[in-house]
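Trainee: Sequence below, structure please.
(one chain, ligands or ions: 2)
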Amino acid sequence: MGKIKEKLGNIKNSIKNFNYKEYANTNRLFITFIIVNLINAMLLRFFTVKNYFAIKPVMADLAIILLFGSFVYLFKAKKQFRYLMVITFIFTLICIINSLYYTYYMSFASFSLIAVSLTVVDVGDAVIQNVLQLKDFIFLWGLIAMFIVNHFLKKRKYYDIVGPKENRKKRFTGTLITGVAVYALFFMTVTSLEFSRLSKQWNREFLVTKFGVYTYQLNDLFKSLDAKFNTLFGYDKAAKEFREYYEKNQIVYKDNDYTGIFKGKNLIVIHGESIQNTALKQSFNGVEVTPTLNKLKNEGIYFSNFYAQASSGTSSDTEFSFSSSLLPVTNGSVAVSYWNREYETMQKLLKSDGYNTLSFHANTGDFWNRNNLHNSLGYNTFYSKNSFEVNEENTMGLGLSDKEFFKQLTPILKKEYDEKGKFMATLIMLSNHTPFDELEKYGPFDVDIKEEVKTTDENGNEVVKTISHPYMEGTKLGNYFKSVHYADSALGELFDRLDKEGLLDNTVVLIYGDHDAKLPKGDFNKLNNYNKETDELYSEDDERYVDYDYYSYELDRAVPLIIWTKDKQFNVDKTTAMGMIDVLPTVSNMFGLKTKYSLGNDIMNLDNNVVPFPNGNWLTNDIYYNSQKDEYKVINPNAVIDSDEIDKNNELSTEKLQVSNDIILYDLIKNEDKNLKKSEGEKK
Ligand code: GP9
Ligand code: MN
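Mentor: Numbers count the residues shown, from 1 in each chain. Ligands and ions are numbered 1, 2, ... in the order given. Reported below is the predicted structural model:
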């Protein structure tokens, strides 16, 4: 006890007697190192989560910089530059990679995602045009600054003077202790919610906002290594939680008007790349952006409050959640890292009912590791790029144009049907993919506002002239509408072709938008607040002004889900909040099949539902809950909001994310099936 007191007294004295001037004069390079890396971390937050001046992440960043930097004093003065450059290089790389990654995914990079990120690099043009920006290179200023400072210090013989004076051991311990102290001080301010999210690591935006990028990345490194080891440890806990979840949330089947209505019919699933509901609602000068989809949604069953629950695995996450009723994995992607687990899927269920299961996609089979993923999901055959004739004329964006894709796949599908009978076929569209810049190939579609005005000509006669207000012309969202218009027209052609071949006669068509199009919020603001008189936006005090906030944007990320058959007019608009994980239980019921592990619900039995998103947010018919901020927006003005209900929904969402993740990581469906108390799912 006495010794500790003495030590503390010593520390107190050294702080009191600390000669700041001398420290500054003899640690110029180290101080530059701190400033450079601190500013870079702030810049990254400025470009991404925007809270660059918040004190907490700055403290955390500073602590990490000091801790890593302290080891420089184990080197002689002349060698210190090299060490600090290596650390600065690593920190700079972290900033550049995260800045790039955020542009594409609106999230932060993870070591466990290296394989996924490399897949993204294949997106080629999309990355160069959409992702790589000048701001990503700004972070390099730090390395240059370090070089320049070192150059001048060397010129002034700084190291010759400082070197002999330096008590390196003392400086090392002093800096290390300061780093630990700053970190300890920082952790004293961390709330239990923040701690819990740090331990889960999936709420990455939140973590960088609260903990700074360096702590985030370090934690991610541990977690990613952990992911490699965690199948060795933690299995029992995961398996126990898995059993408890399914005992508590037994799947109780309730027949409804839709039970078995499609039994024995073919199923065509259309994976609508980046199609979001915004497009279906929009028309310009009386022309709909998506006339085909609008017709299908009016005739079929339209799920108008439907959301993809994709994470950084984008398209592949949706394919996975659609098929398995599980949520995407919290770190990495199932397609890349966990495709070889056993999942209960729509494909397998249909296969066991005698279906031939097929998938079609005109990109290479290794994109998103689909060669493996599709096999594992239960497709008999995957027709990928080499099954199609792709040439310069028929490509658009990432590859074969959707019109050509549909044209070439129809005879293959027909042959499969003729030879093998009833089928489930998934057609993965490609053309409507960011950056939506193939304007000439999309064909004409105006996104301006045309207006007829009466005026007089030079002879004084009244004439009607059409004038155009630019509106969405020249914006990314405007280009997106042109692109979706093309995709919609490709769908129209597909339906004609299928019909001609008799492939619609005994078939159910299901179309979903695979995720939102990641368009700028500012463009949506313009869509809602455009003043054609001035070609500017309504000001906030204008009565026509729409406050387009974070929640408006999140809600606009809804995508279409339509179930359609040629012979029946359903004319149903199902408005219950719904996510991709609800598709399997809903659709399997329609095909007279039952699931055992689905985390979603048969939506036809529900008037309200909780839709968990991979970032921890969730949605019901009444509210959108923002887990980052622990706040929500009321969507239904008549709803009675009850805080117990919110806690319950929070718990359920977290539980689903956790159980889903554990199933994926620990292969629990394969390993624990025998140990699961047989639930209602097996009863009739
Ligand atoms: C690539 C296509 C697009 O084959 O599915 O994938 P995304 O970039 O949307 O994940
Ligand atoms: Mn996609």
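
Trainee: what about the closest residue to residue 506 other than its chain neighbours, distance to residue 592?
Mentor: Nearest non-adjacent residue to residue 506, counting by Cβ to Cβ, 6 or more residues apart in numbering: residue 265, 5.5 Å away. Backbone N, C-alpha and C define where each C-beta goes, glycine included. Between residue 265 and residue 592 the distance is 10 Å, computed by Cβ to Cβ, to the nearest Å.

Trainee: Which one's more surrounded, those two?
Mentor: Remark: of residue 265 and residue 592, residue 265 carries more neighbours, 16 against 13, as counted by other Cβ atoms under 10 Å.

Trainee: correct me, but that one touches residue 507?
Mentor: Yes: at 6.1 Å, residue 265 and residue 507 qualify as touching, with contact defined as Cβ atoms under 8 Å.

Trainee: Pull the helix or strand encompassing residue 656 out as CSV, backbone CA atoms only.
Mentor: Element membership of residue 656, judged by DSSP states H and E, is helix 643-666. Output of helix 643-666 as CSV, limited to C-alpha atoms (Å, rounded to 0.1, in the frame of the first residue of the first chain):
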residue,chain,number,x,y,z
SER,A,643,-41.7,2.0,-23.9
ASP,A,644,-42.1,-1.7,-22.8
GLU,A,645,-43.0,-2.6,-26.3
ILE,A,646,-39.8,-0.8,-27.6
ASP,A,647,-37.7,-2.7,-25.1
LYS,A,648,-39.3,-5.9,-26.1
ASN,A,649,-38.7,-5.2,-29.8
ASN,A,650,-35.1,-4.2,-29.1
GLU,A,651,-34.6,-7.5,-27.3
LEU,A,652,-36.2,-9.5,-30.1
SER,A,653,-34.2,-7.9,-32.8
THR,A,654,-30.9,-8.3,-31.0
GLU,A,655,-31.8,-11.9,-30.2
LYS,A,656,-32.6,-12.7,-33.9
LEU,A,657,-29.3,-11.1,-35.0
GLN,A,658,-27.4,-13.1,-32.4
VAL,A,659,-29.1,-16.4,-33.1
SER,A,660,-28.8,-16.0,-36.8
ASN,A,661,-25.1,-15.2,-36.5
ASP,A,662,-24.5,-18.2,-34.3
ILE,A,663,-26.3,-20.5,-36.7
ILE,A,664,-24.0,-19.3,-39.4
LEU,A,665,-20.8,-19.3,-37.5
TYR,A,666,-21.2,-22.6,-35.6
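
Trainee: tell me the mean pLDDT for that helix?
Mentor: Mean per-residue pLDDT for helix 643-666: 95.

Trainee: Show me what it is in contact with.
Mentor: Residues outside helix 643-666 that contact it (Cβ atoms under 8 Å, 6 or more residues apart in numbering) are 202, 227, 230-231, 234-235, 238-239, 241-242, 245, 326-327, 329-330, 334, 338, 341, 343, 581, 597, 599, 610, 612, 614, 616, 618, 620, 623, 625, 627, 632, 668-669.

Trainee: For that helix, buried residues please.
Mentor: Within helix 643-666, the residues scored as buried using 16 or more other Cβ atoms under 10 Å are 646, 649-650, 653-666.

Trainee: Out of the contacts of helix 643-666, which end up buried?
Mentor: 202, 227, 235, 238-239, 242, 245, 326-327, 329-330, 334, 338, 341, 343, 581, 597, 599, 610, 612, 614, 616, 618, 620, 623, 625, 627, 632, 668-669.

Trainee: Leaving out chain neighbours, which residue sits closest to the residue of the stretch 401-550 of the chain found nearest ligand 2?
Mentor: Of all residues in the stretch 401-550 of the chain, residue 514 sits closest to ligand 2, at 4.3 Å by Cβ to the ion. Leaving out its chain neighbours, the residue that sits closest to residue 514 by Cβ to Cβ, 6+ apart is residue 318, at 4.3 Å.

Trainee: Could you do residue 619 as well?
Mentor: Nearest non-adjacent residue to residue 619 (Cβ to Cβ, 6+ apart): residue 611, at 4.4 Å.

Trainee: can you pull the contacts of that neighbour?
Mentor: With Cβ under 8 Å, 6+ apart, residue 611 has these contacts: 307, 309, 577-579, 582, 618-620.

Trainee: ok, of those, which one's closest to ligand 2?
Mentor: Among those, residue 309 lies closest to ligand 2 (Cβ to the ion), at 13.3 Å.

Trainee: what number of residues lie near that closest one?
Mentor: Other residues close to residue 309 by other Cβ under 10 Å number 25.

Trainee: circling back to that earlier point, what's the distance between the helix holding residue 656 and the middle of its chain?
Mentor: Taking Cα atoms, centre = their mean, to the nearest Å, one finds helix 643-666 lying 18 Å from the centre of the chain it belongs to.

Trainee: From the contact counts, what lies against the helix or strand following it?
Mentor: Downstream of helix 643-666, the first helix or strand assigned by DSSP H and E is helix 668-672. Secondary-structure packing of helix 668-672 (3 or more Cβ pairs under 8 Å, 6 or more residues apart in numbering; DSSP states H and E): helix 235-248.

Trainee: does the residue in the chain that ligand 2 sits nearest to sit in a helix, a strand or a coil?
Mentor: Proximity to ligand 2, evaluated over the chain using Cβ to the ion, is greatest for residue 315 at 3.2 Å. Classification of residue 315 using DSSP: H, G, I helix; E, B strand; the rest coil returns helix.

Trainee: Confirm for me that it is in contact with residue 513.
Mentor: No: counting by Cβ under 8 Å, residue 315 does not reach residue 513; the two are 11.1 Å apart.

Trainee: Which one's more surrounded, those two?
Mentor: Taking other Cβ under 10 Å, residue 315 and residue 513 do not tie; residue 513 has more neighbours (31 against 24).

Trainee: The more buried one is in contact with residue 277, isn't it?
Mentor: Yes: taking Cβ under 8 Å as the definition, residue 513 is a contact partner of residue 277 at 7.3 Å.

Trainee: Could you name every residue contacting both of those two?
Mentor: 559-560.

Trainee: Let me know the secondary structure of residue 569.
Mentor: Assignment for residue 569 (three-state DSSP): coil.

Trainee: Ignoring the adjacent residues along the chain, who's closest to it?
Mentor: residue 299 (5.4 Å).

Trainee: And for residue 284?
Mentor: Spatially, and ignoring its direct neighbours in sequence, residue 284 is nearest to residue 447 (5.2 Å; Cβ to Cβ, 6+ apart).

Trainee: tell me the SS of the one you found?
Mentor: Residue 447 - assigned by three-state DSSP - is coil.

Trainee: That one - how many residues pack around it?
Mentor: There are 23 residues near residue 447, going by other Cβ under 10 Å.

Trainee: distance of it from residue 280?
Mentor: Following Cβ to Cβ, the distance that separates residue 447 from residue 280 is 15 Å.

Trainee: likewise residue 147?
Mentor: 54 Å.

Trainee: swap in residue 213?
Mentor: According to Cβ to Cβ, residue 213 and residue 280 sit 38 Å apart.

Trainee: So which of those two has more stuff around it?
Mentor: A direct count of neighbours by other Cβ under 10 Å for residue 213 and residue 280 places residue 213 higher, at 28 against 25.
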